[in-house]
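>>> Got a sequence here, can you model it:
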Amino acid sequence: MKKIVMIEDNPDNRLLVCAILKDYYQIFECDSSLSAMSCLRSMKPDGILLDISLPEIDGTEILQMIRAEAELKDTPVIALTAHAMKGDREKYLALGFNDYVTKPIMDETVLIETLRKYVPFP
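Predicted coordinates for the structure are as follows:
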């Protein structure tokens, strides 16, 4: 089963995402942006779900760190965010995210199919 690391500070969001994806992926949770890079280095995931609004270091800064790491730079990173204003999708894609899914997750198939584009499962 392919590994997904989810970097999300909200426990309710982590619980929901795990419930949606548990049949398709092995999910590893990081609840802090400070622990995210060490978690990613040790896990070497197949994909990353990254919240934008995190305490300490925001998701866009973590994305820059991921892209600077030789072993992680090509890992698909999907923004999982409540930033859902007009132009936000384009903004985050331009910053280097592979894709973008908004919270709250109203349709679980959007999350599954978006992630599946980058990290296929049988």
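>>> Outside of the helix or strand encompassing R67 itself, which residues are in contact with it?
Using DSSP states H and E, R67 sits within helix 59-68. Helix 59-68 has contacts (CB atoms under 8 Å, 6 or more residues apart in numbering) with 7, 33, 36-37, 40, 48, 50-54, 72-73, 75, 77, 79, 81, 92, 95-97. Yep, even glycine has a C-beta here, placed from its N, CA and C like the rest.
>>> Going along the chain, name the strands of this protein.
Listed in chain order, the strands of the chain (DSSP state E) span 3-7, 26-30, 47-50, 77-81, 99-102.
>>> thinking again about what came up before, tell me how far the helix holding R67 lies from the chain's centre.
Its chain's C-alpha centre and that of helix 59-68 lie 12 Å apart, by CA atoms, centre = their mean, to the nearest Å.
>>> before we move on, what about stretch 50-70?
Centre-to-centre, stretch 50-70 and its host chain are 10 Å apart (CA atoms, centre = their mean).
>>> and that stretch, C-alpha only, in PDB?
Once non-C-alpha atoms are left out, stretch 50-70 reads as follows in PDB (Å, rounded to 0.1, in the frame of the first residue of the first chain):
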ATOM      1  CA  LEU A  50      -0.300  19.700   3.100                       C
ATOM      2  CA  ASP A  51      -2.400  22.200   5.000                       C
ATOM      3  CA  ILE A  52      -1.600  25.800   4.200                       C
ATOM      4  CA  SER A  53      -2.500  27.500   7.500                       C
ATOM      5  CA  LEU A  54      -0.300  25.800  10.000                       C
ATOM      6  CA  PRO A  55       1.200  27.300  13.200                       C
ATOM      7  CA  GLU A  56       4.900  27.900  13.300                       C
ATOM      8  CA  ILE A  57       5.700  27.400   9.600                       C
ATOM      9  CA  ASP A  58       3.000  27.700   7.000                       C
ATOM     10  CA  GLY A  59       2.400  25.200   4.200                       C
ATOM     11  CA  THR A  60       4.000  27.200   1.500                       C
ATOM     12  CA  GLU A  61       7.200  27.400   3.400                       C
ATOM     13  CA  ILE A  62       7.100  23.700   4.000                       C
ATOM     14  CA  LEU A  63       6.600  23.100   0.300                       C
ATOM     15  CA  GLN A  64       9.700  25.100  -0.400                       C
ATOM     16  CA  MET A  65      11.700  22.900   2.000                       C
ATOM     17  CA  ILE A  66      10.300  19.800   0.300                       C
ATOM     18  CA  ARG A  67      11.200  21.000  -3.100                       C
ATOM     19  CA  ALA A  68      14.800  21.800  -1.900                       C
ATOM     20  CA  GLU A  69      15.300  18.200  -0.600                       C
ATOM     21  CA  ALA A  70      16.800  15.800  -3.300                       C
END
